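J.: predicted model and sequence below, questions to follow.
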Amino acid sequence: MLMQPMARYTMSATVLKNARMELKTTHPLKQMLTKAATLSGVDLTAFVLSSAEEKARNVIEHHDSLSLSRNEQERFLDVLSQPPKPPATLKKLMGMERLSER
């Protein structure tokens, strides 16, 4: 339900809102958005901002998440459980105590 996120915009009078956005749309879309806002109990601005924020969060979350197929998951777990042996140069570097020994 959209009421929860929208309440944030209608009740937060102390938050300074100084970033302006303007947009143009068709009359039918504006009418639909206005009706949806009214049915949700918020003004048009709060409805549009809340809907846009929710969509933006979903897009960002989807972009930032890692999705692997079943085969990819199994391969990933195999690599984690059986990592390749480190090369000799890495072993040598790990055995040194200070950077100056390199």
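T.: Nice, thanks for sending it over. Residues are numbered from 1 along each chain as shown.

J.: from the chain's centre, how far out does the longest helix along the chain sit?
T.: Looking across the chain with DSSP state H, the single longest helix is helix 44-64. Relative to the chain's own centre, helix 44-64 is displaced by 9 Å; criterion: C-alpha atoms, centre = their mean, to the nearest Å.

J.: and stretch 62-76, by the same measure?
T.: 17 Å.

J.: coming back round to it: for the record, mean pLDDT for the longest helix of the chain?
T.: Averaged across helix 44-64, pLDDT comes to 96.

J.: with just CA atoms, put the helix or strand harbouring residue 74 into CSV.
T.: For residue 74, the host element (DSSP states H and E) is helix 70-81. In CSV, the C-alpha atoms belonging to helix 70-81 read as follows (Å, rounded to 0.1, in the frame of the first residue of the first chain):
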residue,chain,number,x,y,z
ARG,A,70,21.7,-22.0,-10.1
ASN,A,71,24.8,-23.0,-12.1
GLU,A,72,26.5,-19.7,-11.3
GLN,A,73,25.7,-20.1,-7.6
GLU,A,74,27.2,-23.6,-7.5
ARG,A,75,30.4,-22.4,-9.4
PHE,A,76,30.7,-19.4,-7.1
LEU,A,77,30.5,-21.6,-4.0
ASP,A,78,33.0,-24.1,-5.5
VAL,A,79,35.5,-21.3,-6.0
LEU,A,80,35.0,-20.0,-2.5
SER,A,81,35.4,-23.4,-0.9
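
J.: immediately after that helix, which helix or strand?
T.: That would be, after helix 70-81 and using DSSP H and E, helix 88-95.

J.: confidence-wise, which helix or strand of this structure is lowest on average?
T.: Taking mean pLDDT, DSSP states H and E as the measure, the chain has helix 3-11 as its least confident helix or strand, at a mean of 52.

J.: okay, the angle between the helix or strand following that helix and helix 44-64?
T.: Downstream of helix 3-11, the next assigned helix or strand under DSSP H and E is helix 27-40. Using axes from the mean of the first three to the mean of the last three C-alpha atoms, to 10 degrees, the inter-axis angle of helix 27-40 relative to helix 44-64 is 90 degrees.
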